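K.L.:
sequence first, predicted coordinates after that:
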Amino acid sequence: MQKVNRKSEIWIPPALAARHADHRLRTLRTQRNTCGRYEEDGQTWLNFASNDYLDLAHDPRLLQAAHTATQAHGTGATASRLVTGNLPLHEQLETQLAAHRGYPAALLFGSGYLTNAGVIPAIVGRADHIFIDRLAHASMIDAAQLSGARLHRFAHNDPQALSVLLQKHTSGRRLVLTESVFSMDGDVAPLTALVNMAAEHEAMVLIDEAHAGGVFGPGGSGLVRALGLTDRVNCAMGTCSKALGSYGGYVACSTAMRDWLINHARSLIYTTALPPAVVAASLAALQILETEPDRGAAVLARAKYFRERLRAVGADTLQSASQIVPVLTGDNARTLRVAERLRADGIIVGAMRPPTVPPGKARLRFSLTYAHGEADLDHTVDRLAQALTAEGLS
């Protein structure tokens with residue numbers, strides 16, 4: 001067997017070393033349990049690094065639904081939906097997601113990333129323009145670049161900055177992209193103002209609701225529906241992998257848009273359909289949202305309490321107004337050390353550093369879930385205050 005020429009990879013070690021020196025090197029860390037709160041080896045663990053906002057990923061009702069679907073349909077869909085992978089479960093979930101979000105139709109994708117990667121290049125191309133919030137998720141930025149459309153980034157949550165760009169670039173199709181709840185800052189976009197601006201200039205709108213779905217709006221139906229914007233937002237993107245505790249992504253849209261995407265979204269056309277088990281689990285999660293519609297509101301109330309406690313000890317939580325609560329630390333190395341001090345106390349939190357966040361804006365990212373009670377939050381604030389003081393950050 002011919003040996004691979006590793007000389008072609010000599011650039012990798014020094015590049016990784018540079019990341020390591022700047023405390024930006026990513027590594028995989030095995031996590032034996034993903035619950036928001038669990039007992040292991042005689043210790044209570046509080047997991048604030050999970051997006052399982054409604055604490056459904058281990059819910060017995062989802063587990064049973066997944067088991068039943070596996071027994072009935074097997075472990076995989078085995079083909080793309082345009083071949084033989086389109087099961088009744090897929091269409092049932094799309095129907096229920098559309099109704100949940102207040103849209104005529106919905107279309108499932110393999111993940112949230114694949115949703116944006118498929119939808120955005122399907123509706124704009126080289127002759128068109130994309131206007132995107134400067135802090136929008138990487139999946140939207142990557143999709144925008146993949147589309148070949150001219151990319152214009154407007155100041156974060158600034159409708160007037162968007163207006164200036166829309167007035168300047170008037171040719172072709174135009175698409176406005178933003179998140180409703182931003183995944184790193186935890187703040188909420190001024191959706192009504194942004195959508196009004198887009199409508200004034202006859203631009204299409206895609207709102208990424210990955211972190212709003214299940215938490216905001218009536219029964220967790222998202223901010224687009226809560227603000228009465230479904231008729232003016234062309235595509236409301238969401239995920240099943242966060243608040244719904246399962247996996248996959250989707251876009252809620254018109255029936256015409258759905259038909260267009262089925263014919264043009266490459267991340268749908270050229271990939272295997274979601275496994276039956278995860279689709280059934282998502283259906284079970286939607287049923288829970290119908291019978292227990294206040295879970296999201298409870299999480300938001302706990303997040304408000306948590307922010308107030310953090311601010312009382314001098315922590316900077318930026319403009320957070322959601323279940324995502326950042327604590328700005330700034331320095332990469334100190335951020336890592338604070339996270340490790342918390343882990344030693346049984347508290348797991350994400351240490352977010354560039355390029356995930358802007359340079360100099362490293363932070364701890366706390367994701368609150370339905371599993372976290374007030375006593376857990378008090379304990380966490382106390383331990384965090386001690387860790388910040390020990391690292392000279394307070």
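P.N.:
Alright, I've got the coordinates.
K.L.:
so who does G76 touch?
P.N.:
Contacts for G76 (Cβ atoms under 8 Å, 6 or more residues apart in numbering) come out as 272, 275-276. Any C-beta I mention is one placed from the backbone N, CA and C, and that applies to glycine too.
K.L.:
let me know the secondary structure of it.
P.N.:
Put simply, G76 is coil when judged by DSSP: H, G, I helix; E, B strand; the rest coil.
K.L.:
kindly report the same for E340.
P.N.:
Classification of E340 using three-state DSSP returns helix.
K.L.:
just to revisit the earlier point, adding pLDDT, write the contacts of G76 out as a markdown table.
P.N.:
Shown next, in a markdown table, are the contacts of G76 (pLDDT from 0 to 100):
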| residue | pLDDT |
| --- | --- |
| T272 | 97 |
| P275 | 98 |
| P276 | 98 |
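K.L.:
just the buried ones from these, in PyMOL syntax?
P.N.:
Entered in PyMOL, the line below selects the buried ones among those, by 16 or more other Cβ atoms under 10 Å:
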select buried, resi 275+276
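K.L.:
which one of the contacts of G76 is nearest to I132?
P.N.:
Nearest to I132 among the contacts of G76 is T272, at 29.4 Å by Cβ to Cβ.
K.L.:
need phi/psi at that closest one.
P.N.:
T272 adopts backbone torsions of phi -70, psi 140, taken as degrees, to the nearest 10.
K.L.:
would you check how far apart it and A385 are?
P.N.:
Noted for T272: a distance of 48 Å to A385, by Cβ to Cβ, to the nearest Å.
K.L.:
swap in L135?
P.N.:
L135 sits 28 Å away from A385, going by Cβ to Cβ.
K.L.:
and what of L166?
P.N.:
For L166, the distance to A385 equals 45 Å [Cβ to Cβ].
K.L.:
follow-up on the earlier one: and which of the contacts of G76 is nearest R343?
P.N.:
Taking Cβ to Cβ as the measure, R343 lies nearest P275 of the contacts of G76, at 32.3 Å.
K.L.:
phi, psi of the residue nearest to that closest one when sequence neighbours are not counted?
P.N.:
Here the nearest residue to P275 in space, its sequence neighbours aside, is G76; by Cβ to Cβ, 6 or more residues apart in numbering that works out to 5.2 Å. Phi and psi for G76, reported as degrees, to the nearest 10, are phi -140, psi 160.
K.L.:
distance of G76 relative to H90?
P.N.:
For G76, the distance to H90 - Cβ to Cβ - is 13 Å.
K.L.:
same check, this time on A127
P.N.:
A127 sits 33 Å away from H90, going by Cβ to Cβ.
K.L.:
likewise Q323?
P.N.:
The gap separating Q323 from H90 is 29 Å, by Cβ to Cβ.
K.L.:
neighbour-wise, which of the two wins?
P.N.:
Remark: of Q323 and H90, Q323 carries more neighbours, 31 against 19, as counted by other Cβ atoms under 10 Å.
K.L.:
dump the residue contacts of the more buried one.
P.N.:
Under the criterion of Cβ under 8 Å, 6+ apart, the contact list for Q323 reads 53, 186, 211, 215, 299-300, 302-303, 367-369.
K.L.:
kindly report the same for Y305.
P.N.:
For Y305, the contacting residues are 374, 377, by Cβ under 8 Å, 6+ apart.
K.L.:
give the buried residues for the host helix or strand of it.
P.N.:
Take DSSP states H and E as the rule and Y305 turns out to sit in helix 295-312. Residues 295-296, 299-300, 302-304, 306-307, 309-310 are the ones in helix 295-312 that count as buried (16+ other Cβ under 10 Å).
K.L.:
pretty sure R174 is touching Q167, no?
P.N.:
No. Using Cβ atoms under 8 Å as the test, R174 is too far from Q167 to be in contact (11.1 Å).
K.L.:
show me which of the two is the more surrounded one.
P.N.:
Using other Cβ under 10 Å, the more surrounded residue of R174 and Q167 is R174, with 23 against 11.
K.L.:
double-check R173 against D128; I have them as touching.
P.N.:
Yes. Shown here, R173 and D128 form a contact pair, counting by Cβ under 8 Å, at 4.2 Å.
K.L.:
comparing these two, which residue is more hemmed in?
P.N.:
A count of neighbours by other Cβ under 10 Å puts D128 above the other of R173 and D128, at 18 against 15.
K.L.:
how much space between the more buried one and A117?
P.N.:
Counting by Cβ to Cβ, the gap from D128 to A117 is 17 Å.
K.L.:
over to G245?
P.N.:
On the measure of Cβ to Cβ, G245 and A117 end up 23 Å apart.
K.L.:
which residue of these two possesses the greater neighbour count?
P.N.:
A direct count of neighbours by other Cβ under 10 Å for G245 and A117 places G245 higher, at 27 against 24.
K.L.:
which SS class is the more buried one?
P.N.:
Secondary structure assignment for G245 (three-state DSSP): coil.
K.L.:
identify the residues contacting it.
P.N.:
52, 54-59, 62, 281, 285.
K.L.:
quick one, strands of the stretch 101-250 of the chain?
P.N.:
With strands called from DSSP state E, counting those that start in this stretch, the stretch 101-250 of the chain shows them at 105-109, 129-133, 150-154, 174-179, 204-208, 235-239, 249-253.
K.L.:
within its sheet, name the partner strands of the fourth one and how each one runs.
P.N.:
Right, strand 174-179. Strand 174-179 has the following sheet partners, assigned by DSSP bridges: strand 129-133 (parallel), strand 204-208 (parallel).
K.L.:
to L151, which of those lies closest?
P.N.:
Distance to L151, taken as Cβ to Cβ, is lowest for strand 129-133 among the strands paired with strand 174-179, at 5.2 Å.
K.L.:
I'm done for today, thanks for sticking with me.
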